[in-house]
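Undergrad: Have a look at this prediction, sequence included:
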Amino acid sequence: MTDTALIGVDWGTTNLRVLRMAQDGSVLDTRFDTRGAGALARADFATVLEDVCADWLDEGSPVLVCGMAGARARWIEAPYVPCPADTGLLARLAVRAPGRRDVRIVPGVCLTATGLGDVMRGEETLALGLTGPGLDATVIAPGTHSKWISVQAGSICGFRTFMTGELFAAIRTATILGRDMGTAGHCDAAFDAGVDRALSDPALTAALFSVRVQVLADQLGPDEAADYLSGLLIGAEVMAAARTGAPAMLVGDAGLCARYDRAMMLAGHARPDRVDAEKAVALGLWRLWEAMT
């Protein structure tokens with residue numbers, strides 16, 4: 001494996017993905033593990049990395065890590081860098097992890113130096129991988145905590161976090177709205193109705209109760225209620241998110257991105273491009289590594 005130039009690591013809260021990268025930045029091999037940063041103590045990270053890819057590390061290849069390994073109380077804290085943030089700035093402020101190996105951790109990004117304003121870890125790497133130097137885009141990363149990231153001239157100049165995924169799960173499992181509710185993904189018409197309601201009614205906490213009302217009126221079945229709720233929450237996010245006029249890029253789970261695509265079209269936005277998250281992170285890690293060397 002003498003052609004290995006870099007071991008790239010995307011260490012999320014629940015999962016770990018490790019990429020063996022060639023001299024030209026292409027991905028030679030990928031490994032996946034369920035030991036995410038959220039369940040690990042500080043002393044566990046080096047051990048888990050060895051478990052997953054010790055054979056790749058034997059030749060002494062450098063390791064570049066993005067994501068939650070750099071969060072407080074995890075492997076080693078990599079401080080947040082305020083916007084505007086580009087690859088050069090993040091590369092300069094990367095933090096070395098303790099131990100015998102050359103492991104560096106990418107900083108997170110915040111809105112402001114004081115008070116932080118908003119924060120992200122990991123999404124900055126995929127955003128910079130997608131856009132590259134000199135390009136403008138709105139990068140949308142749906143998920144538990146969705147991110148809308150504004151990139152101008154290859155620099156992250158702003159972003160906003162929406163707790164859409166976590167809120168959907170909480171409502172579905174812990175409120176009266178979720179009683180007997182099925183799973184989402186079965187009824188586009190119900191999803192569209194939820195999006196339309198969110199687009200026309202900015203009072204989300206009031207609009208949410210319409211889930212209960214329509215179930216009582218037998219206008220929504222169990223699976224339809226889940227799709228309607230999904231449409232309400234995603235529609236509210238799309239309505240509230242700031243758009244700069246730059247091309248939009250959706251990155252993440254294919255099914256979830258399809259829902260955001262649908263909601264954005266219903267809201268009158270141009271259809272966003274859809275991009276593979278693993279490729280975006282790999283490009284971002286490689287660009288950061290090039291800036292370090």
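TA: Cool, the structure landed.

Undergrad: just the strands in the stretch 151-293 of the chain please.
TA: Taking DSSP state E, counting those that start in this stretch, the strands of the stretch 151-293 of the chain run over residues 155-162, 248-251, 273-275.

Undergrad: what's the closest of those to residue 96?
TA: strand 155-162 (22.9 Å; CB to CB). (Glycine included, C-beta is placed from N, CA and C.)

Undergrad: Just give me how far that closest one sits from the chain centre.
TA: 12 Å (CA atoms, centre = their mean, to the nearest Å).

Undergrad: any chance of the strands of the stretch 151-293 of the chain in JSON lines, plus mean pLDDT and distance to residue 118?
TA: Listed next are the strands of the stretch 151-293 of the chain as JSON lines, based on pLDDT from 0 to 100; distance: least, CB to CB, whole Å:
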{"stretch": "strand 155-162", "mean pLDDT": "96", "distance to residue 118": "5"}
{"stretch": "strand 248-251", "mean pLDDT": "95", "distance to residue 118": "18"}
{"stretch": "strand 273-275", "mean pLDDT": "93", "distance to residue 118": "22"}
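
Undergrad: between those strands, which one is nearest to residue 262?
TA: Short answer: strand 248-251, nearest of those by CB to CB, at 10.9 Å.

Undergrad: got a list of contacts for that closest one?
TA: 126, 130, 137-142, 257, 260-261, 264, 269-270, 272-277, 280 (CB atoms under 8 Å, 6 or more residues apart in numbering).

Undergrad: now do 7 Å
TA: In this structure, residues lying in contact with strand 248-251 by CB atoms under 7 Å, 6 or more residues apart in numbering are 126, 130, 137-141, 257, 260-261, 269, 272-275, 277, 280.

Undergrad: ok, now stretch 34-54?
TA: 7, 11-16, 18, 31, 33, 57, 67-69, 71, 73-75, 99.

Undergrad: got the buried residues for that stretch?
TA: 35-37, 40, 45-46, 48-49, 52-53 (16 or more other CB atoms under 10 Å).

Undergrad: Now render these as JSON lines, adding secondary structure, pLDDT and distance to residue 247.
TA: Output for those, formatted as JSON lines (DSSP: H, G, I helix; E, B strand; the rest coil; pLDDT from 0 to 100; distance: CB to CB, whole Å):
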{"residue": "35", "secondary structure": "coil", "pLDDT": "97", "distance to residue 247": "36"}
{"residue": "36", "secondary structure": "coil", "pLDDT": "96", "distance to residue 247": "31"}
{"residue": "37", "secondary structure": "helix", "pLDDT": "96", "distance to residue 247": "32"}
{"residue": "40", "secondary structure": "coil", "pLDDT": "96", "distance to residue 247": "37"}
{"residue": "45", "secondary structure": "helix", "pLDDT": "97", "distance to residue 247": "37"}
{"residue": "46", "secondary structure": "helix", "pLDDT": "95", "distance to residue 247": "40"}
{"residue": "48", "secondary structure": "helix", "pLDDT": "97", "distance to residue 247": "37"}
{"residue": "49", "secondary structure": "helix", "pLDDT": "96", "distance to residue 247": "36"}
{"residue": "52", "secondary structure": "helix", "pLDDT": "96", "distance to residue 247": "36"}
{"residue": "53", "secondary structure": "helix", "pLDDT": "94", "distance to residue 247": "35"}
